[in-house]
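**Q** the following block contains a protein sequence and its predicted model.
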Amino acid sequence: MTKSVTIPELIKDLNLEVIYKGNQKNISIKTSDVNRPGLQLANFFTYFDEGTSERLQVIGLIELAFLNELDAKTRKERLDKYFSYQIPCVILCRGMDPIPDMKKAAIKYERPLLKSELITTEFINNASNYLNSKLAPQMTQHGVLVDVYGTGVLLIGESGIGKSETALELIKRGHRLVSDDVVNIKKVASKRLIGEAPEVLRHFLEIRGIGIIDIKAMYGIGAIINAKAIDLVIELVPWEKESFCDRLGIDETFISFLDVNVHKITIPIKPGRNLAIIIEAAARDFRLKRAGYNAAAHLTEKIFGTKNKKFKLKHFHKL
């Protein structure tokens, strides 16, 4: 389903003042792009109906000054033509009031006319960020998301394997909880995923045998964060003696969410393994690899004097 933002949502979330709301019930915004209609007010409407008119329309000080420089007849004609397009709404910045011809055109074509107290560039930045977040493709994932040394680590695995308990130990060691059990994942850019908790579950953690605990109340505001980029996925799996796992860390594995590949490692667990310390080490190692340093590659190069990964892997498996 195509996501959209309604005019009432926009008014509430961006703290806009209503000049004229209009009577159309089906107006919605489906793109995060914002348009300043300088060219249109200068009577250049080529391509305007090919997507540009569907964007949020923002009028700043320059556009309003330009309109005031036009003679009355030209100004009325330009505004009439501009508002005749299927624009979702027009927002004036800096708390400016519309000129009479603008309000008349908005009423004539039933286009919402709003205003913001923010300066134009600040409002456009806020509106773009807001729309990017609201309109982003999203999904839900069973798991626990924590911020470890600035790295967003998503813990996944079968129910009861110890994800929440591991997160609690990480919080005790100074790291931050984003979400427990259910993670809302949003695709905010072509290669960037943001994870956050559903509003009703925010700051809560379930520990079997204890129940629900409030991390914010128990450990303070520094123990939680509302949203975090998902940089690394760690899958916790039961320890099986015969199963193969990467002993060296040379091979890269990925998991895909919303068509975005995220680095993934698998950690087998059994009694006695300190998962919190292992995950801290994994987060630090991930940061080093992203900075260009791979410990396993460095070690094999020192031993074999080669940078051929297949050579290193084949010979290490014989050791």
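**A** Sure, I can see it. Since the model is a prediction, treat every value here as computed from it, not as a measurement. Numbering: from 1, shown residues only.

**Q** pLDDT weak spots in the stretch 101-250 of the chain?
**A** Applying pLDDT under 70 to the stretch 101-250 of the chain flags the ranges 241-249.

**Q** for it, which segments count as strands?
**A** Counting by DSSP state E, counting those that start in this stretch, the stretch 101-250 of the chain has strands at residues 113-115, 138-142, 144-148, 151-156, 176-179, 182-189, 192-196, 204-207, 211-214, 227-229, 232-238.

**Q** with residue 221 as the reference, name the closest of those.
**A** Residue 221 lies closest, by C-beta to C-beta, to one member of the strands of the stretch 101-250 of the chain: strand 176-179, at 9.8 Å. From N, CA and C alone the C-beta is placed, and that goes for glycine too.

**Q** would you confirm that residue 236 contacts residue 159?
**A** No - contact criterion C-beta atoms under 8 Å: residue 236 and residue 159 do not qualify, at 11.1 Å.

**Q** higher neighbour count, those two?
**A** When neighbours are counted by other C-beta atoms under 10 Å, residue 236 and residue 159 differ, and residue 236 comes out ahead with 21 against 8.

**Q** dump the residue contacts of the more buried one.
**A** By C-beta atoms under 8 Å, 6 or more residues apart in numbering, the residues touching residue 236 are 155, 156, 157, 161, 162, 163, 166, 267, 269, 275.

**Q** let's go with 7 Å and repeat that
**A** Neighbour list for residue 236: 155, 157, 161, 162, 163, 267, 269 [criterion: C-beta atoms under 7 Å, 6 or more residues apart in numbering].

**Q** buried sites along stretch 56-68?
**A** Within stretch 56-68, the residues scored as buried using 16 or more other C-beta atoms under 10 Å are 56, 57, 58, 59, 60, 63, 64, 67.

**Q** again, but for stretch 137-151
**A** For stretch 137-151, burial by neighbour count (16+ other C-beta under 10 Å) applies to 138, 141, 143, 144, 145, 146, 147, 148, 151.

**Q** with stretch 172-190 instead?
**A** Neighbour-count burial for stretch 172-190, counted by 16+ other C-beta under 10 Å, picks out 175-181, 183-188.

**Q** pull out the C-alpha coordinates of stretch 19-29 and format them as CSV.
**A** C-alpha atoms of stretch 19-29 as CSV (Å, rounded to 0.1, in the frame of the first residue of the first chain):
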residue,chain,number,x,y,z
ILE,A,19,-5.5,30.0,7.0
TYR,A,20,-7.9,28.1,4.9
LYS,A,21,-8.5,24.4,5.3
GLY,A,22,-10.7,23.6,2.3
ASN,A,23,-13.4,21.0,2.1
GLN,A,24,-11.6,18.2,0.2
LYS,A,25,-11.4,15.1,2.3
ASN,A,26,-9.1,13.0,0.1
ILE,A,27,-6.0,15.3,-0.1
SER,A,28,-2.8,13.5,0.9
ILE,A,29,0.9,13.9,0.4
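
**Q** buried residues in it?
**A** Neighbour counts over stretch 19-29 (16+ other C-beta under 10 Å) mark 19, 20, 22, 27, 29 as buried.

**Q** quick one: average pLDDT of that stretch?
**A** Averaging pLDDT along stretch 19-29 yields 85.

**Q** and the contacts of that stretch?
**A** Applying C-beta under 7 Å, 6+ apart, the external contacts of stretch 19-29 come out as 4-7, 10, 56, 88, 98, 103, 106-107, 110-115, 131.

**Q** would you mind checking those residues for buried ones?
**A** Neighbour-count burial (16+ other C-beta under 10 Å) applied to the contacts of stretch 19-29 gives 5, 7, 10, 56, 88, 98, 106, 111-115, 131.

**Q** the helices in the stretch 1-150 of the chain, which residues?
**A** Taking DSSP state H, counting those that start in this stretch as the test, the helices found in the stretch 1-150 of the chain are 7-13, 38-41, 61-69, 72-84, 100-109, 120-135.
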